[in-house]
Structures are given as structure tokens and as C-alpha cells.
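*Asks:* What follows is a predicted structure for the sequence shown.
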Amino acid sequence: MHRHRRAKIVATVGPASSSPEMLKTLFLAGVDTFRLNFSHGTQDGHAKVHAAIRALEREAGRPIGILMDLQGPKIRVGTLRDGKITVKSGDSIRFVKSGADGDRSAIPLPHPEIFAAIAPDHDLLIDDGRVRVRVTGIGDDTIDAKVIVGGTISNHKGVNLPGTVLNLSPLTPKDRSDLEFGLQLGVDWVALSFVQRPSDVIEARALIGDRAGVMVKIEKPAALDRIDDIIQLSDAVMVARGDLGVEIPPEAVPGRQKELVRACRLAVKPVIVATQMLDSMVAAPTPTRAEASDVATAVYDGADAVMLSAESATGSYPCETVEMMDRIITSTEQHKMYRSLIEATEPGEEQTAPHAVATAAGDLATVIHSKAIVAYTSSGTTAARVARKRPSQPILAITPSLATSRRLCLLWGAHSMFSEDVQSYEEMVDRASKLASEQGFASAGDLLVVVAGIPFAQAGTTNNIRVLKLDR
């Protein structure tokens, strides 16, 4: 069983999709990696879903990726006297560090790190930006502000601070507990929320080690200022357009998305485009035309994966949503403009032998019309280097690591296979031919391009290309 598309689908699991039967339905419909959102649910509930996915993996005989998404810090207003207050443009209001039953002259904001970092003319966006206020004055325990965009402020609504870098770890005590729990379960990826600086990734890496891939969610403007360093320190990136679109102007989001996808391709790191991709399908069986275009744009940009959130977690049509996303990706990749757009956005070559070998494998496969590129990979790096080229051929990624095979479920174009390590060049050739035939990629008389690192099982040594002609 293999997908006849290159971009991957990530689907969030929730009440609408957590049963073993629905998980199987969604996998067969096209899901490559399942996302467990630790902002919701319980550890016990996530453990049951994890067990069901692993049982499905054994039944299907195919690796399935599991991504745990940590909640991260949540900045919220406190409790208001009447549950909410209404403010108008031009009003003066005051936030206080502590206190309850607040009103417009004492709105509780129980986050000391904000009072330590905020400065005059900084903005606070309340309830996803529905209310915008600008700081006019600061005291030890107070923040005075002028309302720029009026509306209703109610209990515990979220607060975004686009111009303020907070001295705040991306890992709360809840996140640390969830992280250890998820790593013990055996998740494949950990997504970090609220990343602002490279040190945030280093902090998480110290806890995660090599037990899972480290994925950073780009949702803070501060992260964009250090994006190259953050990408280099991570294993994958999620373009989290929800929070990012609150903190930067909406018109800036499409350009930033393209920049991030290109930067990740250059760095050979998988990149997911996420949030509100088919949002109307939470309640409707079909998407809007604009949503279909949004998914297609991410595919034209060269994203490794596109993600469903509420659509598959709580929506009324989870299966239909996955099927629709699968159809949009497939149609886009088959369009006559796709190849020219993908090639036009290809990042510049990195001047190293492994990258040159991987690029040459893609070019060679195109010239000789091979049916597939077979990449032997222990860490996933060789397969990622080949995928960076976005070749026309599918990539059969053969790895002796079960963990690597699961992580490769996020990688563009990769059909990952767990297989015992090869010990000789002849064994490499024989296994490539056998697996390509068994998996339906090629048949007798077809050509394959095989790329590997020799000596075998040594990460990072992409240095060998072989052309095979199947004789069986």
C-alpha cells in the first residue's frame, strides 16, 4: 500500500476521530501522521489513542507517525466582576498583576513576566485580536493602556503580545509532565508551542534527546527574527498560522508561509502548513473554493505536509475532510503548472558532497525515467536530502530503524519501509529490487536509482548512486 501523492496529511485526533474504527477509516482515507493535541483531553485518553494507532500500524503493515503537540504557556486575563466588560475605542483601561473581581480600572493579568517585559507603545491583543489595546504607561504592578479596537473582554480570554519577548519557558509544568508521558508512550514527534528564541529549542532538546523528533511551531513574531537558527536546531517546523496570524498582519501571513517553506527545504527539514485549511468542513461536507486554493497553495509552495485540526478532531465530517484533502493534493500535484512552480522555488544548492549526490540522484532519475528512487537511510537524512530536490519519482526510503520509518511519514514523497540493515553492496541491490517490486513501485524491465551512504548504517554519509534494472 502506498499513496499516489507526495505531500503528506496530518490529522488531529479528537472526540470525532478517537475510536479505533474511525482511526482506521482516516488512515485508509489518506492520513499519514496523527496529531495528539495535549491542549485537550487527558493523558489516559491520549494513551488509548496511541495504543489504537500502533495496533492499526501492525494490522496495516505500514509505519504511521504520531505527533504530540504540547500546550505551551497560555496568557489569559483573570476573573472580572461581572464576567465581562465592554470597552470602546479611545477608552483608558488598567491591567493589574494581582487581584480578583476586576473592572476596567483593574483588569487582572496574573503574569508577572508581562509586567517585566512590556514597554510603552506595545500592543496587547485580547481574544484573538478582537480587542486591541496599546500601552501608555507602566507601574510596578500596573499597565495603563488605551483601547485601539473596542469590544468585549470576558473571563480568561487569551492575550497575545506581538511586540513583546517574554522571559518565559515554552515548557510549563504541565508540558513537562505531558512530555515525559508522551516520550514513555513512544511518540515520534514533539511539537513545541510558544517558541520565541533558539534557547527555547535547546531547552526542549535537553529533555527529549533522541527519543523523538523536535518540531517547532512558528507562531510568535520573535521566532521569525531568529528563524534560521531555530530551524537549524530543530528537526521539523510547523507553520502555525492561527496564532501567527493574530500577532502579525493577516496580509503578511502568505509571504511568511512561503519564506518558511523555502527555508526548511534549504535546511533539509520537513515543514507542515497548519491551521484552518478546510475549516468550513467542521460543519459542512464540502470546503469553500478559497480553502481548496489554500491547501493547493501549500502544495505548490513545496510543503512536506498539510494539517487538519478541528476538521478531524471535533468536526462532523472527519473522513470526508481527509478524502477532500487527499483529492486536492493529488489534483494539484498532477496539474501541468505543478512541476514548473516546484522547480522555480527550489532553494540554492548546499555545497557539500552528500547534497550533491542526492541532487544528482534526482536528476538522474528524471533523465532515465526511473520508476522510483530508493534511498537507504538510517537517520532519515539521505531520504530528506533526496526529497529536498522534490523529484518527479516517488522515494522508497528503506531504514533499519522503526523510529526513523515513522518519522519519515512526514517527509515529502517518502514511502518509508522498515527493513533489516544490509551488510554488503550486493545485498543492497537485491533488497532494493525486491522491495520496489513488492511495494508496487516497479516491475520487470523498469529502472531504479538507488542512493545510499557507504559504509552502511553510518548516519550522514550520502555518497553512492547505483542504477538498477529489475529482472523480476
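*Replies:* Cool, got the structure.

*Asks:* ranges for the helices of the stretch 101-250 of the chain?
*Replies:* 112-117, 173-185, 198-208, 221-225, 227-233, 241-247 (DSSP state H, counting those that start in this stretch).

*Asks:* right, and those helices - which one's nearest residue 345?
*Replies:* Closest to residue 345 of the helices of the stretch 101-250 of the chain is helix 227-233 (CB to CB; 16.6 Å). To be clear about C-beta, it is placed using only N, CA and C from the backbone, and glycine gets the same treatment.

*Asks:* which residues does the residue sitting furthest away from the middle of the chain contact?
*Replies:* In the chain, the greatest distance from the average C-alpha position (CA atoms, centre = their mean) is reached by residue 105, at 40.9 Å. By CB atoms under 8 Å, 6 or more residues apart in numbering, the residues touching residue 105 are 93-94.

*Asks:* at 7 Å instead, please
*Replies:* residue 94 (CB atoms under 7 Å, 6 or more residues apart in numbering).

*Asks:* what are the ranges of the helices in the stretch 251-400 of the chain?
*Replies:* Using DSSP H, counting those that start in this stretch, helices in the stretch 251-400 of the chain cover 253-267, 289-301, 310-313, 318-334, 338-344, 353-368, 381-388.

*Asks:* what residue ranges in the stretch 201-350 of the chain score low on pLDDT?
*Replies:* Applying pLDDT under 70 to the stretch 201-350 of the chain picks out residues 349-350.

*Asks:* Go again with 50.
*Replies:* Along the stretch 201-350 of the chain, no part satisfies pLDDT under 50.

*Asks:* okay, the residue farthest from the centre of the chain: pLDDT?
*Replies:* pLDDT recorded at residue 105 is 86.

*Asks:* separation between it and residue 119?
*Replies:* Computed as CB to CB, to the nearest Å, the residue 105 to residue 119 distance reads 22 Å.

*Asks:* Residues contacting stretch 67-76, please?
*Replies:* 10, 33, 35-39, 111, 156-159, 168, 170, 172, 174-175, 178-179, 182, 187-194.

*Asks:* Please apply the same query to stretch 195-206.
*Replies:* 165, 169-171, 192, 214, 216-217, 220, 222-223, 226, 229-230, 233-234.

*Asks:* So for it, what gets flagged as buried?
*Replies:* 195-198, 200-201, 203-205 (16 or more other CB atoms under 10 Å).

*Asks:* Check those residues and tell me the two furthest apart.
*Replies:* 196 and 205 (15.5 Å).

*Asks:* doesn't residue 454 make contact with residue 464?
*Replies:* Yes: when contacts are counted by CB atoms under 7 Å, residue 464 is listed as touching residue 454 (5.1 Å).

*Asks:* With neighbour numbers in mind, choose between these two.
*Replies:* residue 464 (17 against 13; other CB atoms under 10 Å).

*Asks:* how close does that one sit to residue 285?
*Replies:* On the measure of CB to CB, residue 464 and residue 285 end up 49 Å apart.

*Asks:* and residue 218, bridged to which residues?
*Replies:* Beta-bridge partners of residue 218, counted by DSSP bridges, are residue 239.

*Asks:* and it, what does it touch?
*Replies:* Counting by CB under 7 Å, 6+ apart, residue 218 has contacts 237-240, 244, 260.
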